[in-house]
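A.B. asks: With the sequence up front, the predicted model follows.
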Amino acid sequence: MRKLLWLVLMGALFSFALAQAPLEVWKYENGQYISLSATNDLARAFSAFPTDGACNKRQWTVEFTTEVQVAQWLEWELSATKWTWFVRKPGDYYANSVTGSVASNGDVLVTFNDFDDPTYTGTSSVNPKIEAYYTVMTEEGMPEQDDWVRAPDVNGLSCTLEDSQELHDGMTFYLWNRIRVVECNSASTYRDTGYIFLTLQNQKPWIDEEGNYVEGLENYVTNER
């Protein structure tokens with residue numbers, strides 16, 4: 001009996017899968033209709049749940065559903081991904097050389113990894129580290145002293161850019177860098193490379209890790225009405 005029920009269920013699912021029909025899609029842009037290929041990367045559509053009827057009933061009720069599943073998208077931009085300092089004398093120096101923007105239609109988690117003080121790249125140094133600090137400003141202006149975060153401590157921080165009209169429109173930020181060069185920093189080059197991760201929090205399962213449609217997109221047509 002259990003085997004029979006299982007076969008019936010599998011048959012129903014198989015029939016449902018066969019009922020998905022890909023549709024031709026156009027995009028209306030600049031006053032023109034643009035035909036999109038069946039493998040386009042913008043929007044695809046399927047029809048489902050065929051139905052019919054035949055009898056002498058006076059009135060029929062036919063239910064129609066339009067379901068739009070929207071993937072999360074992300075647009076970001078950075079004016080630079082490297083600071084290069086040329087320091088002639090010891091001192092405490094600031095720079096705001098990086099301007100960035102982030103736009104999305106869902107929550108975006110921002111995390112950090114491998115940030116540290118720039119380290120002497122030669123064979124030996126009296127002091128092999130240069131103290132580095134970072135801060136992010138959402139408005140133009142000079143950071144306060146309490147705004148700075150030591151480079152190694154950046155790795156423990158994270159923030160979520162929450163879904164909002166501001167995020168949809170695009171949020172602008174200013175990334176500042178601060179270094180403290182002291183007398184015991186030997187002459188040479190000091191370097192550190194860190195990473196910022198932007199992780200989409202509301203992505204659809206029919207988008208793969210590279211941001212493309214998965215194979216078998218028709219399998220993600222839901223049976224909800």
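C.D. replies: That came through fine.
A.B. asks: residue ranges for the helices of this structure, please.
C.D. replies: Under the criterion DSSP state H, helices of the chain are mapped to 2-18, 165-169.
A.B. asks: weakest of the ones you listed in terms of mean pLDDT?
C.D. replies: Ranked by mean pLDDT, the helices of the chain bottom out at helix 2-18, with a mean of 46.
A.B. asks: For the residue nearest the centre of the chain, which non-adjacent residue is spatially closest?
C.D. replies: In the chain, the centroid-proximal residue (CA atoms, centre = their mean) is L200; its distance is 4.1 Å. In space, and not counting its chain neighbours, L200 is closest to Q72: 4.7 Å by CB to CB, 6 or more residues apart in numbering. C-beta here means a position set from N, CA and C on the backbone, and glycine is covered the same way.
A.B. asks: repeat for D117
C.D. replies: K129 (4.4 Å).
A.B. asks: Burial check on the one you found, number of neighbours?
C.D. replies: For K129, the neighbour count with other CB atoms under 10 Å is 18.
A.B. asks: and it, bridged to which residues?
C.D. replies: T119 (DSSP bridges).
A.B. asks: Hmm, it is touching A151, no?
C.D. replies: No: at 9.5 Å, K129 does not count as touching A151 under the criterion of CB atoms under 8 Å.
A.B. asks: residue contacts, the residue in the chain sticking out farthest from the centre?
C.D. replies: Outermost residue of the chain with respect to the C-alpha centroid, by CA atoms, centre = their mean, is N56; its distance is 55.3 Å. Listed by CB atoms under 8 Å, 6 or more residues apart in numbering, the contact set of N56 is empty.
A.B. asks: pLDDT score for it?
C.D. replies: 93.
A.B. asks: same thing with E144?
C.D. replies: 93.
A.B. asks: For the residue nearest to L200, what are phi and psi?
C.D. replies: phi -80, psi 130 (degrees, to the nearest 10).
A.B. asks: which residues sit in contact with it?
C.D. replies: S104, N105, G106, L200, Q201, N202, Q203, K204, I207.
A.B. asks: try T199
C.D. replies: Per CB under 8 Å, 6+ apart, neighbours of T199: V108, L109, V110, T111.
A.B. asks: per-residue confidence at the first one?
C.D. replies: On the pLDDT scale, V108 is placed at 98.
A.B. asks: Leaving out the residues flanking it, which one is nearest to it?
C.D. replies: Closest to V108 by CB to CB, 6+ apart is L161, at 4.4 Å.
A.B. asks: what do you get for N96?
C.D. replies: W176 (4.6 Å).
A.B. asks: Go ahead and confirm the one you found touches E140.
C.D. replies: No: using CB under 8 Å, W176 is not in contact with E140, being 11.0 Å away.
A.B. asks: Among those two, which residue is more densely surrounded?
C.D. replies: W176 (18 against 9).
A.B. asks: Could you give the bridge partners of that one?
C.D. replies: Here W176, judged by DSSP bridges, has bridge partners T135.
A.B. asks: which ones are touching it?
C.D. replies: Y94, A95, N96, Y134, T135, V136, M137, P143 are the contacts of W176 under CB under 8 Å, 6+ apart.
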